[in-house]
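Visitor: Any chance you can model this:
(2 chains)
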Amino acid sequence: MMPIWEVFVRSKGGLSHRHVGSVHAADARMALEGARDVYTRRMEGVSLWVVPSAAITASDPGEAAALFEPAADKVYRHPTFYKVPDDVKHI
Amino acid sequence: MYTVELSKENFGDGEAVLDAGRAAAFEARVAADEFIEPKDWMPEAYRKTLIRQISQHAHSEIVGMLPEGNWLTRAPSLRRKAILLAKIQDECGHGLYLYAAAETLGVSREEMTEALHAGRAKYSTIFNYPTLSWADMGAIGWLVDGAAILNQVPLQRTSYGPYARAMVRICKEESFHQRQGFENMMQLAHGTKAQRKMAQDALNRWWWPSLMMFGPPDDNSPNSAQSMRWRIKRDSNDELRQKFIDVTVPQAEILGLTIPDPELKWNAERGSYDYGKIDWEEFYAVVRGEGPVAKDRLKARVAAWEGQAWVREAALAHAAKQTMKAAA
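Guide: Numbering: from 1, shown residues only, chains lettered A, B, ... in the order given. I've put the predicted structure just below:
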């Protein structure tokens, strides 16, 4: 059985790689060649990453609240939290 | 290209009682048009329905390569050959995007392939019709891919994230399929008398099967309501079919071809075309695998899979050897 690889494409220079899907392949080289045929037939990218799916550790959706909600009551981390007089410039 | 949900079963919702809280939260998220992602909790019936719908859709893309492959070596020009080859590659790509999306639901590629080859999984009935002339390559692109686009566009907003994202890619590519088909038909329709006849004959054979691609009439589509609620189906079969007829009839007029339906008539009051009765007996016969070339299609798929088993085995053996060498 062929292992699954997750495919990431950099659509153009200056942008980060973005997940687009997966392919089955025996090894990394074959995964790159498969990803090229499946995900970049129309100039969708200038660079590819393939990562064994098994190597990815994902956060548990059940823990999403514990992980992400504490940020909701820390509005002082945003610049808009701070009031400054209208006539103060360049800040 | 596209498949309709063909082998639907009713699922008991006993689990909803056991897991009422999570189920209610899930239904609320879907109702609010939020996306469900692979690791999120989902009702078992939702997971199973999606696996069936996505895998059948994938199978349709894969089997859909066969009727077109039939004409690849006999395309009338290098231009047409390059276009057809690109289209067939796209169908393969679409199948792979969709298999990848289905795999995120916990089904393996092998299980899906096995279900197709054993005849347990369905694919779109449209591919069980033969491609008898070159004009069929035009008619398939124009009508079959045209119908597929109408079916697929709403699925870009389907509730399951990986499926929706695959559909976005597919829809982008599908438009090329339809336009090259129409252009092909136009060239034939404006060609010699024999070419015009060939184009008309292709339209005659593909029109009704294309209308059937939208699935059974709404009053005979029992699980539609649940699929609509889960946002894995977003428009009714009959609505989409009517939309297809309304956009396609004027295109046929531009081609100077005649839609093979004597009852087709503009209804000013409805702002739509009235159309003749669809032969649903034929549809169900094709679903049961009695299509003219159903057996050939599966035989070709199984032969390709088995004939290439040695390539997969060799690739895995090579990878294992390289890993061993690197470790040594």
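
Visitor: Would you mind listing what in chain B touches chain A?
Guide: Residues of chain B lying close to chain A (Cβ under 8 Å from any Cβ of the partner chain) are B:37, B:39-41, B:86, B:89-90, B:93, B:96-97, B:100-101, B:103, B:108-110, B:165-166, B:173, B:312, B:315-316, B:318-319, B:322. Glycine gets a C-beta too; all of them are placed from N, C-alpha and C.

Visitor: Just the buried residues out of those, in ChimeraX syntax.
Guide: Remark: buried members of those, expressed as a ChimeraX selection using 16 or more other Cβ atoms under 10 Å in any protein chain shown:
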select /B:40,90,93,96,97,100,101,103,109,165,166,173,315,316,319
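
Visitor: Select from the residues of chain B next to chain A every entry located in strands.
Guide: Judged by DSSP state E, those include no members of strands.

Visitor: Contacts only, for the most centrally placed residue in chain A.
Guide: By Cα atoms, centre = their mean, chain A has its centre lying nearest to A:Arg18, at 5.0 Å. Residues in contact with A:Arg18, defined by Cβ atoms under 8 Å, 6 or more residues apart in numbering or on different chains, are A:8-11.

Visitor: Distance check, it against B:Ile88.
Guide: Separation of A:Arg18 from B:Ile88 (Cβ to Cβ, to the nearest Å): 27 Å.

Visitor: Quick check: pLDDT value at residue 69.
Guide: In the absence of a named chain, this looks at chain A. Note on A:Glu69: pLDDT of 90.

Visitor: Actually, chain B is the one I wanted.
Guide: 93.

Visitor: do A:Gly13 as well
Guide: At A:Gly13, pLDDT is 96.

Visitor: what's downstream of the helix or strand bottoming out on mean pLDDT in chain B, the next helix or strand?
Guide: When each helix and strand of chain B is scored by mean pLDDT, DSSP states H and E, helix B:14-18 comes last, with a mean of 53. Next helix or strand after helix B:14-18 toward the C-terminus (DSSP states H and E): helix B:20-31.

Visitor: List the residues that contact A:Lys12.
Guide: A:45-46 are the contacts of A:Lys12 under Cβ under 8 Å, 6+ apart.

Visitor: Please identify the helix or strand for it.
Guide: Using DSSP H and E, no helix or strand contains A:Lys12.

Visitor: can you tell if the lengthiest helix in chain A touches chain B?
Guide: Using DSSP state H to assign secondary structure, the helix with the most residues in chain A is helix A:28-39. Yes - applying Cβ under 8 Å from any Cβ, one finds helix A:28-39 touching chain B at A:30, A:37-39.

Visitor: Packing partners of that helix?
Guide: Judged by 3 or more Cβ pairs under 8 Å, 6 or more residues apart in numbering or on different chains; DSSP states H and E, helix A:28-39 is in contact with strand A:4-10, strand A:18-24, strand A:47-52, helix B:78-103.
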